[in-house]
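Chemist: Next input, structure requested:
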Amino acid sequence: MHVGMGAVFQSPNRTVSDRQIYRDELRLADLAEPLGYESIWGVEHHFTDYTMCPDVIQFLTYMAGRTEKVQLGSMVIVLPWHDPMRVAEEISMLDNLSDGRMILGIGRGLGRVEYEGFRQDMSQSRPRFIESAEMLLKGLEDGYCEYDGELIKQPRRDIRPAPFKSFKGRTYAAAISPESARIMAELGVGLLIIPQKPWAEVAKELDTYREVYLAVNQSEAPPPVVVSFTFCDDDEDRAREKARQYIGAYWESVIEHYEFKADHLKDIKGYEYYGGMTEKIVQYGDDEVMDFFVDLQVWGTPQQCYEKALAIQERTGNDKFVASFAFGGMPYPEAERSMRLFAAEVMPELQKLEL
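Modeler: Numbering: from 1, shown residues only. Alright, predicted model coming up:
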């Protein structure tokens with residue numbers, strides 16, 4: 001199994017300066033290659049404490065210059081917030097700079113604060129994402145972009161620097177709703193999964209995705225990438241305590257950033273599924289929902305972390321596992337200790353798995 005690490009640049013409640021968050025996250029990212037992690041991932045978000053990486057390509061380009069062999073993953077570039085022609089250029093430029101080390105992740109976004117900040121209509125997000133993705137993915141294969149859609153109109157223009165190898169097999173998309181999983185299959189891309197709902201639902205949607213992928217692409221779907229908020233500690237009780245504290249704090253930031261208690265998503269075209277999430281939060285209560293999210297992630301002693309990651313692999317068939325180690329206001333020494341322990345005792349066992 002391929003094992004990577006993710007940087008989220010989170011600053012809940014602004015108790016630490018943004019500059020210090022960046023210093024700490026970059027220190028962790030610098031540890032990735034020496035410790036044996038095989039990829040570094042960044043995530044795009046804007047305007048709030050939730051995560052502070054407004055340009056994931058810029059972050060990955062910085063890391064490309066500081067590393068030699070790790071792959072560089074976007075989880076994800078939110079296409080409706082960008083001109084897809086510019087995205088194609090930026091992706092190809094990073095891939096050229098890094099000698100082909102990029103893993104492309106794309107998505108459509110969920111935050112009202114971000115859509116409003118970019119003056120975009122959320123109700124158009126799904127068709128805008130589909131048109132942007134179709135243009136982008138074809139353009140990266142052809143070396144030029146050209147598209148005549150309802151929302152995206154792009155005269156033919158070359159991508160320079162030109163893409164020098166295919167992105168097929170190294171492109172993934174975040175898909176939480178069942179409708180999105182079907183769309184990603186039709187686009188011919190892999191899935192990027194962050195555990196946040198019952199595994200039975202995930203398995204059902206993966207089955208549908210794989211069926212559609214095979215029918216449309218005449219080939220088996222690629223294994224998904226799974227991302228987990230990870231905490232590793234030698235002491236089982238301490239691991240449990242810190243996991244709930246910091247992963248729980250991360251979940252609270254999810255609720256705040258996406259306004260899941262505002263009950264607005266059910267009325268926005270393309271986001272009806274998320275309205276159901278709001279109803280479940282109200283039905284089960286904050287503590288129970290938080291505990292559910294925490295328990296989906298990978299945390300515990302090294303042995304427990306291995307067993308949980310293995311159980312996820314058995315459920316999803318993923319061949320890449322990406323661990324995020326700093327989140328929820330966790331102090332840097334705590335994150336570094338967890339990352340080092342995971343690298344020393346868990347990662348080698350995961351990498352031995354023959355998938």
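Chemist: Need the phi and psi values for the residue sitting nearest the centre point of the chain.
Modeler: Compute the mean C-alpha point of the chain, and by C-alpha atoms, centre = their mean the closest residue is residue 75, 3.3 Å away. The phi and psi values for residue 75, taken as degrees, to the nearest 10, are phi -130, psi 70.
Chemist: all strands for the chain, in order.
Modeler: Remark: strands of the chain, listed N- to C-terminal, are 2-7, 39-42, 71-74, 77-78, 102-107, 144-148, 153-158, 171-174, 190-193, 225-229, 231-232, 299-300, 320-324; assignment by DSSP state E.
Chemist: Now do the buried residues in the lengthiest helix in the chain.
Modeler: The helix that spans the most residues within the chain, counting by DSSP state H, is helix 236-257. For helix 236-257, burial by neighbour count (16 or more other C-beta atoms under 10 Å) applies to 239-240, 242-244, 246-253, 255-257. The C-beta positions use only the backbone N, C-alpha and C, and glycine is treated the same way.
Chemist: and what of stretch 35-46?
Modeler: Judged by neighbour count (16+ other C-beta under 10 Å), stretch 35-46 contains these buried residues: 37, 38, 39, 40, 41, 42, 43, 44, 45, 46.
Chemist: same question, stretch 314-327
Modeler: Neighbour-count burial for stretch 314-327, counted by 16+ other C-beta under 10 Å, picks out 315-327.
Chemist: swap in stretch 149-156?
Modeler: 152, 154.
Chemist: From the chain's centroid, how far away is it?
Modeler: With C-alpha atoms, centre = their mean, to the nearest Å as the basis, stretch 149-156 stands 27 Å off its chain's centre.
Chemist: For that stretch, output the C-alpha coordinates as PDB.
Modeler: As requested, the backbone C-alpha atoms of stretch 149-156 are provided in PDB (Å, rounded to 0.1, in the frame of the first residue of the first chain):
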ATOM      1  CA  GLY A 149     -20.700  23.900 -23.100                       C
ATOM      2  CA  GLU A 150     -23.600  25.700 -21.400                       C
ATOM      3  CA  LEU A 151     -21.400  27.300 -18.800                       C
ATOM      4  CA  ILE A 152     -17.900  26.800 -20.100                       C
ATOM      5  CA  LYS A 153     -16.900  28.300 -23.500                       C
ATOM      6  CA  GLN A 154     -13.200  27.800 -24.300                       C
ATOM      7  CA  PRO A 155     -11.700  28.500 -27.700                       C
ATOM      8  CA  ARG A 156      -8.900  26.100 -28.600                       C
END
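Chemist: For it, give me every contacting residue.
Modeler: By C-beta atoms under 8 Å, 6 or more residues apart in numbering, the list of residues contacting stretch 149-156 from outside reads 84-85, 124, 127-128, 131-132, 134-135, 144-148.
Chemist: Recalculate using a threshold of 7 Å.
Modeler: Contact partners of stretch 149-156, identified using C-beta atoms under 7 Å, 6 or more residues apart in numbering, comprise 84, 85, 124, 127, 128, 131, 132, 135, 144, 145, 146, 147.
Chemist: Quickly note the distance from the last one to residue 66.
Modeler: Distance check for residue 147 against residue 66: by C-beta to C-beta, to the nearest Å, it reads 35 Å.
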